[in-house]
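Engineer: what's the 3D shape of this:
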Amino acid sequence: MFLQRVVKVVTKVNKQCIHKRDGSHLAFIGIGNMGARMATNLIKKGETLRIYDVLPENSQTVQGAQICNSPEEAVKDANVIITMLPNGDIVKQAILGEKGILKSATKGSLLIDCSTIQPQVAQELSKTVKENGYNFLDAPVSGGVTGAQAGTLTFMVGGDKQVLKTVEPVLLKMGANIHHCGNPGAGQIAKLCNNLILAITMIGTAEGMNLGIKMGLDPNLLASIINVSTGKSWSSSTYNPVPGLIPNIPPSDDYKGGFAVKLIAKDLGLAESVAVSCDAPVPLTAASHQLYRALISNGYGNKDFAAIYQFLKGTQ
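Structural biologist: Okay, the predicted model is just below:
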C-alpha cells in the first residue's frame with residue numbers, strides 16, 4: 001500500500017513538472033501561416049522558444065525565437081514540443097522518422113500536435129510516443145489565421161486529461177478556449193466535424209453573396225442583412241469571402257495566406273474517410289470536397305479557401 005502511494009505521488013509530480021523544469025524551453029516545429037502566429041504569441045507572452053521549419057524563410061517571420069537548423073536542435077532539452085504540420089504523413093515523419101523528434105527529445109517531455117490529421121494516426125502516435133517514454137496530446141485548433149493572430153484559438157484536445165491540465169497555461173497563450181474531447185484521436189474527430197461545417201458554410205456564403213451581387217445588390221448591404229438574419233455564420237460575419245468587405249483577412253488580400261484550398265480539401269477527405277468507418281452519411285461534405293478539388297485543378301490550391309467565391313464568380 002505504501003509503495004502504491006509513492007508511485008502515485010511520483011507520477012503526479014512528473015506530470016506537474018512538464019512545464020516547470022528549470023532552464024526549460026518550448027520547441028515549435030512547423031512555422032506556416034498558423035504556426036508563425038502561434039509561435040509569435042508564445043514569445044510575446046514570455047516563453048523561450050526554439051523553432052524549426054523546412055523552409056528557413058518561414059522562421060524569419062517569428063521575432064525573438066531561436067531559429068534552429070534541424071528538428072533535433074529545436075527539441076533538445078525542450079519540455080514541451082508543439083508541431084503544426086500539413087498532414088499526417090509529415091507529422092509521423094517529424095516525430096518517428098530517422099531524424100525525428102523522438103531521436104533527440106528529452107524523456108518525459110510532452111509532444112502536442114496541433115496539426116489536423118487522421119484520428120487513427122493520432123491514436124497510433126499517442127501509443128508509440130508513450131511506449132517510448134514521452135507524453136502526447138492531439139490538439140488541433142480552430143479560429144483560422146485571424147484567431148491565431150489574436151491569440152483566440154480554440155483547442156480540441158485528445159489524450160490524458162491530467163497531462164492537459166499541466167500544459168493549459170501554455171495553450172492559453174495561443175488561444176482562448178480549451179476543450180478536452182476524450183481519448184487520443186478525439187481532438188481530431190472534433191476538428192474534422194468543425195471543418196466540414198466550415199467548408200459547407202463558406203460555400204453557401206459564397207454562393208449567396210455571388211448571386212446577390214450578380215443581381216445588383218450592394219455587397220455591404222447584403223452582408224449586413226445576412227449577418228442579422230438566419231444565414232449568419234462565421235464565414236459571413238468574420239471571414240466574408242467577398243474582397244474588401246472585411247479588412248485584414250485573406251479575401252481582402254487576393255486570398256493570400258490563410259487556410260489553403262488544398263488543406264480544406266485534405267480535411268474534407270479525412271472527414272469522408274472517418275464517416276465511412278462509422279457509417280455516417282455526409283453528402284454535403286462529399287460535394288464540398290469535390291468542389292474544392294475542382295478549385296485545385298483550376299490553380300487555386302495555394303489560395304485561401306474563401307477563394308471559392310472567386311471561382312463561382314467566374315474570374316481568378
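
Engineer: Okay, strands next: where are they in the stretch 151-300 of the chain?
Structural biologist: Under the criterion DSSP state E, counting those that start in this stretch, the stretch 151-300 of the chain contains strands at 153-158, 175-182.

Engineer: Return the most buried member of those.
Structural biologist: Highest mean neighbour count among these (mean count of other C-beta atoms under 10 Å): strand 153-158, with a mean of 25. The C-beta positions use only the backbone N, C-alpha and C, and glycine is treated the same way.

Engineer: hang on, the earlier thing: now render the strands of the stretch 151-300 of the chain as CSV, adding mean pLDDT and distance to Ile213.
Structural biologist: Below are the strands of the stretch 151-300 of the chain laid out as CSV (pLDDT from 0 to 100; distance: least, C-beta to C-beta, whole Å):
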stretch, mean pLDDT, distance to Ile213
strand 153-158, 98, 31
strand 175-182, 98, 33
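
Engineer: low pLDDT regions in the stretch 1-150 of the chain?
Structural biologist: Applying pLDDT under 70 to the stretch 1-150 of the chain flags residues 1-24.

Engineer: what's around Asn248, how many residues?
Structural biologist: Counted with other C-beta atoms under 10 Å, residues neighbouring Asn248 total 9.

Engineer: so what's the residue lying closest to it once chain neighbours are set aside up against?
Structural biologist: Spatial nearest neighbour of Asn248, chain neighbours left out: Thr146 (7.9 Å); criterion: C-beta to C-beta, 6 or more residues apart in numbering. Contacts for Thr146 (C-beta atoms under 8 Å, 6 or more residues apart in numbering) come out as 238-239, 248-249.

Engineer: How about the secondary structure of Thr146?
Structural biologist: At Thr146 the chain is in helix, as set by DSSP: H, G, I helix; E, B strand; the rest coil.

Engineer: how much space between it and Ala271?
Structural biologist: 23 Å (C-beta to C-beta, to the nearest Å).

Engineer: Using CSV, write out the CA atom coordinates for stretch 114-128.
Structural biologist: What follows is stretch 114-128, C-alpha atoms only, in CSV (Å, rounded to 0.1, in the frame of the first residue of the first chain):
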residue,chain,number,x,y,z
CYS,A,114,-1.8,20.9,-33.4
SER,A,115,-2.0,19.7,-37.0
THR,A,116,-5.2,18.3,-38.5
ILE,A,117,-4.6,14.6,-39.2
GLN,A,118,-6.4,11.3,-39.3
PRO,A,119,-7.8,10.3,-35.9
GLN,A,120,-6.2,6.9,-36.4
VAL,A,121,-2.8,8.4,-36.9
ALA,A,122,-3.2,10.5,-33.8
GLN,A,123,-4.0,7.3,-31.9
GLU,A,124,-1.0,5.4,-33.3
LEU,A,125,1.3,8.3,-32.5
SER,A,126,0.0,8.5,-28.9
LYS,A,127,0.6,4.8,-28.4
THR,A,128,4.1,4.9,-29.9
